[in-house]
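Q: fold the following and give me the result.
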Amino acid sequence: MKSQNKTIILTIFSLQGGGAERFVLTLAQGFKQLGYQPHIICFKNQSDYCLPDDVPVHCLNYQAYRWIPKGLRYPIFAKVFDRFVKRHIAAEPALLLSNLWQVDQVLKYSRLPHRAFVIHNTQTQERQVHTELTDQALSRVYRGQHVVGVSRGVADDFAALVSTTRSLTAIYNPIDQPAIIQQAQEPLDKALTSGLAAGYLVHVGKFKGQKNHRLLIQAYAKTQRNVPLVLVGQGKLQAECEQLASELGIADDVRFVGFHSNPYGWIAGATGMVLSSDYEGFGLVIAEALALGVPVISTDCPSGPSELLPADNLVPVGDVVKLSEKIQDLMDNPAAYRSAFDSQLLPDKVAQRYLDVVGK
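A: Numbering: from 1, shown residues only. Below is the predicted model:
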């Protein structure tokens, strides 16, 4: 007999930007649609999003425990976490989801049942940047756990590194198409949209190495630049990208419009979306663009884009010439790159698959 407990806990370090953070907020709504009560627990009180009124968000002060050596800190904070959940939320949640490495290292020690760990990126790529993700470290955290990869590519990559999980499942990220369409209708800042009425290309993502904005700007510079390029996001590499656009003589054609918690108006109004990433876990913004009927082209990352887009919409990773040619074709014939949205990505469908992982 299945448990009647209707409490779900989604845990993430903070709600500051990023696809994993949007994933948590969207999936919470999927559980609501199924009649569950989701709670979000963060380890840092920081958010770039308007938080939902119907989903409680709790913050635990992880910073206060940073003075403790990691080997002791993680199990100690796991006890703090468990005690908080039992006292303030539920003695035994129906499902506890852990998101991202910092949180996973703590919740590995949790004594709460029905845990699952969500892997948001290909670990072979992540470990090139985060050297602590050794085979030994990954095995220590995920051995005997339910693990979910946000794409088949992420799951396959993880399986090659860790063979001792309790279960390993690929579940695509949830996309709340009706909410996205509604949010896309909110007006954009007129000061930022001046001169864009005839169309533009859009990229949405943090300015970091993974997203390879440099490749995108270099490829765009080689096109006829029929329409401007709009870059939505912020990050430590933004100034470097602004300098590159200036050096290439295209500063007037490239718009840096900053981070927007609601990027959907920018996506909906675009002639097309371009992704230039070196790697993606799923490619959340691709699926969001498809939900809005916007054409998308992308680099063919080891996982993600090829699971959402036809082969003709993809170019090899790092190939500036091929990307430039594809961008030009997108500007000339955007309808050729429009793809259908998969209704299996709707939040309630995805939420049910997560419940299935732990037998709920």
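
Q: can we go C-alpha only for contacts and neighbour counts from here?
A: Will do.

Q: tabulate the CA atom coordinates of the lowest-mean-pLDDT helix or strand in the chain in CSV.
A: Least confident helix or strand, the chain: helix 123-129 with a mean of 89, by mean pLDDT, DSSP states H and E. C-alpha atoms of helix 123-129 as CSV (Å, rounded to 0.1, in the frame of the first residue of the first chain):
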residue,chain,number,x,y,z
GLN,A,123,30.1,15.0,-14.2
THR,A,124,33.0,14.3,-16.6
GLN,A,125,32.6,18.0,-17.8
GLU,A,126,32.0,19.4,-14.3
ARG,A,127,35.1,17.8,-12.8
GLN,A,128,37.3,19.7,-15.3
VAL,A,129,36.3,22.8,-13.4
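
Q: how far does it sit from its chain's centre?
A: With C-alpha atoms, centre = their mean, to the nearest Å as the basis, helix 123-129 stands 16 Å off its chain's centre.

Q: buried residues, the helix or strand just after that helix. List them.
A: Downstream of helix 123-129, the first helix or strand assigned by DSSP states H and E is helix 135-142. Neighbour-count burial for helix 135-142, counted by 16 or more other C-alpha atoms under 10 Å, picks out Leu138, Ser139, Val141, Tyr142.

Q: wait, isn't Ala219 in contact with Val321?
A: Yes. Using C-alpha atoms under 8 Å, Ala219 is in contact with Val321, at 6.6 Å.

Q: more neighbours: these two, which one.
A: Ala219 (21 against 17; other C-alpha atoms under 10 Å).

Q: next, the closest residue to that one other than its chain neighbours: secondary structure please.
A: Leaving out its chain neighbours, the residue that sits closest to Ala219 by C-alpha to C-alpha, 6 or more residues apart in numbering is Ser324, at 4.4 Å. Three-state assignment for Ser324 (DSSP: H, G, I helix; E, B strand; the rest coil): helix.

Q: OK, contacts around Ser324?
A: Ala219, Tyr220, Ala221, Lys222, Thr223 (C-alpha atoms under 8 Å, 6 or more residues apart in numbering).

Q: ok, the last one - how many residues close by?
A: To tie it back to what came earlier, the one meant is Thr223. 17.

Q: same thing with the fourth one?
A: For Lys222, the count of nearby residues is 16 (other C-alpha under 10 Å).

Q: for the nearest residue to it once chain neighbours are set aside, give its distance to Gln352.
A: Excluding the flanking residues, the one nearest Lys222 by C-alpha to C-alpha, 6+ apart is Ser324, at 6.1 Å. In this view, Ser324 and Gln352 are 40 Å apart by C-alpha to C-alpha, to the nearest Å.

Q: look up how far His39 lies from the closest residue in space to Pro38 that isn't next to it in sequence.
A: Nearest residue to Pro38 in three dimensions, chain neighbours excluded: Ile8, at 4.4 Å (C-alpha to C-alpha, 6+ apart). Going from Ile8 to His39 by C-alpha to C-alpha gives 6 Å.

Q: also Lys326?
A: Lys326 sits 43 Å away from His39, going by C-alpha to C-alpha.

Q: next one: Asp348
A: With C-alpha to C-alpha as the criterion, Asp348 and His39 are 16 Å apart.

Q: what do you get for Gly153?
A: Gly153 sits 29 Å away from His39, going by C-alpha to C-alpha.

Q: and for Lys206?
A: Counting by C-alpha to C-alpha, the gap from Lys206 to His39 is 26 Å.

Q: repeat that for Leu229.
A: Taken as C-alpha to C-alpha, the span from Leu229 to His39 is 38 Å.

Q: now swap in Asp48 and tell me
A: 18 Å.

Q: got it, and Asp157?
A: For Asp157, the distance to His39 - C-alpha to C-alpha - is 30 Å.

Q: so how far is Gln224 from the residue nearest to Lys222?
A: Separation of Ser324 from Gln224 (C-alpha to C-alpha): 10 Å.

Q: do the same with Phe117
A: Counting by C-alpha to C-alpha, the gap from Phe117 to Gln224 is 45 Å.

Q: equivalent analysis for Gly144, please.
A: For Gly144, the distance to Gln224 - C-alpha to C-alpha - is 54 Å.

Q: same question, Lys190
A: Lys190 is 26 Å from Gln224, by C-alpha to C-alpha.

Q: those two: which is more packed in?
A: Gln224 (12 against 9).

Q: who touches the more buried one in this structure?
A: Contact analysis of Gln224 by C-alpha under 8 Å, 6+ apart lists Gln328.
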